[in-house]
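Visitor: Need coordinates for the following:
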Amino acid sequence: MRQPSPSETERVRSLAATATPTAAALADNPATYFNVRGAVDHAGRVLLWVAAHHPLHEAVREGRRTDPGPRVDVDLSALRRVGRISTVRARMWCQADLEEVPAAERRSAALAACERDPDEALLAAAARRREPGAPVLLRAVVRRVIYYTYDAAGVIEGSAFALARPHPLTGPAEELVGRVN
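Guide: This is a model prediction of the structure:
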């Protein structure tokens, strides 16, 4: 008997759970990309750890509290390393609204980001009150995902992406592949 395969949305959401943000651009200037670090959290939001004078830090700081935040495009790459060779399993481009992670959620967001990109400064900053001019943890609430894998390409709306859950074996499977390598 054939096992039912996950929907394309669930498959892309599972790939996003293993992906790493590589670049971001403000929607009003899409030709200028900036390097970013971070991860994708359990709710499908992209977490970005940016330095004090990074353009995304400045864009969030300039916004008013009533604004939904600046629109950004974030590039995600799901990589797999086999031996000494890294291959790109999927590329995703997220169109999203950027906001600072609220203080109550900062520690859990920092832990999610540290799983992908370990950094003691990130955990230290999340544990204390944020100071002006310090690096900041931002999250991009996804509005649309454009994806490209070896065998499929398409667009997923942000609400469907947020509702989908990664396959429960995605994390353990990636950890197993990492240990084998």
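Visitor: Now do the contacts for Arg144.
Guide: Neighbour list for Arg144: Cys94, Gln95, Val155, Ile156, Glu157, Gly158 [criterion: C-beta atoms under 8 Å, 6 or more residues apart in numbering]. Quick note: C-beta positions are derived from backbone N, CA and C, even for glycine.
Visitor: Could you measure from it over to Asn35?
Guide: Between Arg144 and Asn35 the distance, using C-beta to C-beta, to the nearest Å, works out to 22 Å.
Visitor: ok, back up a step: who wins on neighbours among the contacts of Arg144?
Guide: Cys94 (28 neighbours; other C-beta atoms under 10 Å).
Visitor: Any idea what that residue is bridged to?
Guide: Beta-bridge pairing for Cys94 (DSSP bridges): Val74, Val145.
Visitor: gap between the two ends of stretch 25-39?
Guide: Start to finish, the residues bounding stretch 25-39 are 16 Å apart (C-alpha to C-alpha, to the nearest Å).
Visitor: ok, and the closest non-adjacent residue to the residue nearest the centre of the chain?
Guide: Nearest to the mean C-alpha position of the chain, by C-alpha atoms, centre = their mean, lies Val46 at 2.9 Å. Spatial nearest neighbour of Val46, chain neighbours left out: Ala140 (4.1 Å); criterion: C-beta to C-beta, 6 or more residues apart in numbering.
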